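Q: after the sequence you'll find the predicted model.
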Amino acid sequence: MKVICLGDSISYGQNVRASEAPVIEDDVTIGCDSAILGGVTIGAGSFIGARVFVTDDIPPGSYVTAKSSYSVRPRR
């Protein structure tokens, strides 16, 4: 049985998929058609853009966008 750990104030778009029980901390936004792959942690206050495939841990307060790979930068 997989257990997904969700924090408070999570918002997400349509068709978001997750596998292997990710940890999604407080105040995270996840865009449409994104996939959270593996047992990763998405840090508090992070923004995951549309169509992003998350395969590594995301530090708190990050802004992640989809390009040929994904880029992580501090959120302003």
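A: All right, it came through fine. Numbers count the residues shown, from 1 in each chain.
Q: would you check that Gly7 makes contact with Pro22?
A: No. Gly7 is beyond contact range of Pro22, at 11.4 Å (criterion: CB atoms under 8 Å). Backbone N, C-alpha and C define where each C-beta goes, glycine included.
Q: the two: which has the busier surroundings?
A: More crowded of Gly7 and Pro22, by other CB atoms under 10 Å: Pro22, with 20 against 15.
Q: spit out the contact partners of the more buried one.
A: By CB atoms under 8 Å, 6 or more residues apart in numbering, the contact set of Pro22 is Ile4, Cys5, Ile36, Gly38, Gly39, Val40, Thr41, Ile42, Val54.
Q: quick one: the closest residue to the fourth one other than its chain neighbours from Leu37, how far?
A: To tie it back to what came earlier, the one meant is Gly38. Ranked by CB to CB, 6 or more residues apart in numbering and with sequence neighbours excluded, the top spatial neighbour of Gly38 is Glu20, at 5.0 Å. Computed as CB to CB, to the nearest Å, the Glu20 to Leu37 distance reads 7 Å.
Q: cool, and Gly61?
A: For Gly61, the distance to Leu37 - CB to CB - is 21 Å.
Q: with Ile48 instead?
A: 12 Å.
Q: shared neighbours, those two?
A: Taking CB under 8 Å, 6+ apart as the criterion, Ile48 and Leu37 both touch Val54.
Q: compare the two (neighbour count), which wins?
A: A direct count of neighbours by other CB under 10 Å for Ile48 and Leu37 places Ile48 higher, at 28 against 14.
Q: excluding chain neighbours, what is closest to the more buried one?
A: Ile30 (4.5 Å).
Q: residues contacting the one you found?
A: Applying CB under 8 Å, 6+ apart, the residues near Ile30 are Ile10, Ser11, Tyr12, Gly13, Val16, Ile24, Ile36, Ile42, Ile48.
Q: how does it look with 6 Å?
A: Neighbour list for Ile30: Tyr12, Val16, Ile48 [criterion: CB atoms under 6 Å, 6 or more residues apart in numbering].
Q: and those, which of them are in strands?
A: Applying DSSP state E to these, the entries found in strands are Tyr12, Ile48.
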